[in-house]
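Student: Pasting the sequence and the predicted coordinates here, then a few questions.
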Amino acid sequence: MQDHLPRIRHRQGLHLGLIVLALAVLVLAMALAVSIGEIHIPLATTFKALSNALGMSEYSLDRIHESIIREYRLSRTLVAACCGAGLALCGAILQALLRNPLAEPYVLGISAGASTGAVCIMVLGIGGGAVGLSLGAFLGALGAFAVVLALSRGASSSPNRIILAGVAGSQLFNALTAWVISTSASAEQVRGIMFWLLGNLGGVRWPDVTLALAVVLPGFVICLLFARALDAFTFGQDAAAALGIPVGAVRLILFAITALMTATMVSMVGAIGFVGLVIPHAARFIVGTAHVRLLPASLLIGAIFMVLADIVSRVILPHQSLPIGVVTALVGAPVFAMILYRARPPL
């Protein structure tokens with residue numbers, strides 16, 4: 001036992017070092033995102049403005065620069081980080097629950113249902129603001145979740161049955177979204193909704209930051225409490241039940257948390273693909289499969305990835321912003337292909 005202690009301590013130190021490194025990269029990426037835009041702001045000015053915003057200093061800065069950082073870019077960057085973290089976390093949870101490497105919020109129709117709910121709010125004008133959109137998206141996600149459960153006959157159904165039900169539910173709610181847009185939206189609304197559905201961070205503000213943090217951080221803590229159960233699920237339902245885990249109840253709780261996080265993210269920035277699919281695989285490659293390490297790694301890597309994708313979406317085309325969902329797909333598809341290639345069985 002004593003021979004294993006140095007090795008265990010070395011692994012713990014390595015994992016702690018990786019977390020510190022990821023946090024440092026995230027802070028640097030966020031500072032870079034706040035600096036880059038149509039009006040270039042030096043990194044030194046960015047850090048000074050952030051220090052002023054935190055009450056740690058009173059630097060004299062250009063008011064326009066400080067206003068751009070505080071009111072627009074910082075809130076946008078924080079929402080991007082929260083969305084990346086939340087979607088990656090959802091992907092890691094669903095891949096464990098369903099024992100399928102392709103599982104993510106889109107597979108279960110959760111994202112499609114959330115999009116339908118949010119589009120209904122935008123087109124029909126029911127409610128308003130971030131809370132109204134989030135509520136509509138959440139109700140749509142719950143509706144999709146209920147349809148999937150009904151088609152699969154309960155949360156304790158086989159993973160393959162749930163995935164097939166999710167595909168059917170996703171197609172159903174995508175059709176409902178198209179029907180609402182084609183029958184009720186004006187031409188101007190159609191253009192705005194189509195751009196939003198591809199992923200758009202341009203309209204987020206500080207209330208969105210508060211809402212995103214209020215959903216992602218508690219959701220992460222709750223999921224971390226189920227890390228042992230998620231480890232058991234990777235060996236199958238029977239193994240999890242043999243270890244005393246209430247399979248149906250745990251699945252229902254984690255599916256509900258996944259629906260809530262996905263709905264909140266979709267209501268703010270639209271449907272963004274490949275984050276929940278690719279990031280958990282990248283995290284497993286770095287920290288292994290134990291969920292007590294995988295969930296924090298997915299959270300941090302997802303946040304970094306989304307912030308960097310937001311930077312690319314703003315600079316890749318001059319004088320215009322590309323939908324961030326396009327960027328994540330362009331980056332995520334080749335990365336996922338590389339992961340599949342590396343994981344191929346030997347000939």
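Tutor: Yep, it's here.

Student: Quick one: the helices in the stretch 151-300 of the chain, in order.
Tutor: Taking DSSP state H, counting those that start in this stretch as the criterion, the stretch 151-300 of the chain carries its helices at 159-184, 187-197, 206-225, 227-233, 237-242, 247-269, 275-287, 291-315.

Student: of the ones you listed, which approaches His65 most closely?
Tutor: Across those, His65 has its closest neighbour in helix 291-315 (16.8 Å, Cβ to Cβ). For glycine as for every other residue, the C-beta is placed from the backbone atoms N, C-alpha and C.

Student: After the closest one, which helix or strand is next?
Tutor: Once the chain leaves helix 291-315, the next helix or strand it forms, by DSSP states H and E, is helix 324-342.

Student: Output the contacting helices and strands for that following helix.
Tutor: If you count contacts as 3 or more Cβ pairs under 8 Å, 6 or more residues apart in numbering; DSSP states H and E, helix 324-342 packs onto helix 275-287, helix 291-315.

Student: count of residues packed around the closest residue to Leu277 other than its chain neighbours?
Tutor: Using Cβ to Cβ, 6 or more residues apart in numbering and skipping the chain neighbours, the partner closest in space to Leu277 is Glu104 (4.5 Å). Close neighbours of Glu104, defined as other Cβ atoms under 10 Å, add up to 30.

Student: Over to Ile39?
Tutor: Residues lying near Ile39 (other Cβ under 10 Å) number 10.

Student: Provide a list of residues in contact with the residue lying closest to it once chain neighbours are set aside.
Tutor: Spatially, and ignoring its direct neighbours in sequence, Ile39 is nearest to Ile68 (6.3 Å; Cβ to Cβ, 6+ apart). By Cβ atoms under 8 Å, 6 or more residues apart in numbering, the residues touching Ile68 are 37, 39, 41.

Student: Same list (these) but as CSV, adding pLDDT.
Tutor: Shown next, in CSV, are those (pLDDT from 0 to 100):
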residue, pLDDT
Gly37, 77
Ile39, 78
Ile41, 81
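
Student: Closest to Ala232 out of those?
Tutor: Gly37 (46.3 Å).

Student: Verify the stated contact: the closest one with Thr77.
Tutor: No - the pair Gly37 and Thr77 fails to qualify as a contact (Cβ atoms under 8 Å) at a distance of 10.7 Å.

Student: so where's the stretch 51-200 of the chain uncertain?
Tutor: 125-132, 154-158 (pLDDT under 70).

Student: re the thing from before, give the contact list for the residue nearest to Leu277.
Tutor: Glu104 neighbours (Cβ under 8 Å, 6+ apart): 87, 90-91, 94-95, 276-277.

Student: Could you tell me the least trusted of the helices and strands packed on helix 324-342?
Tutor: Sorting the helices and strands packed on helix 324-342 by mean pLDDT places helix 275-287 lowest, at a mean of 90.

Student: In it, which residues are buried?
Tutor: 275-284, 287 (16 or more other Cβ atoms under 10 Å).

Student: which is the next helix or strand following the longest helix along the chain?
Tutor: Determined from DSSP state H, the single longest helix within the chain is helix 5-35. Downstream of helix 5-35, the first helix or strand assigned by DSSP H and E is helix 43-53.

Student: what about Pro334, how many residues close to it?
Tutor: Neighbour tally, Pro334, other Cβ under 10 Å: 11.

Student: Let me know the pLDDT of it.
Tutor: 81.

Student: Likewise for the one 3 residues further on?
Tutor: Looking at Ala337, its pLDDT reads 76.

Student: quick one: contacts for it?
Tutor: Contacts of Ala337 (Cβ under 8 Å, 6+ apart): none.

Student: so how far is Ser75 from it?
Tutor: Distance, Ala337 to Ser75, by Cβ to Cβ, to the nearest Å: 34 Å.

Student: Val326: which of the helices of the stretch 151-300 of the chain is closest?
Tutor: Here helix 291-315 is closest among the helices of the stretch 151-300 of the chain (Cβ to Cβ), at 7.5 Å.
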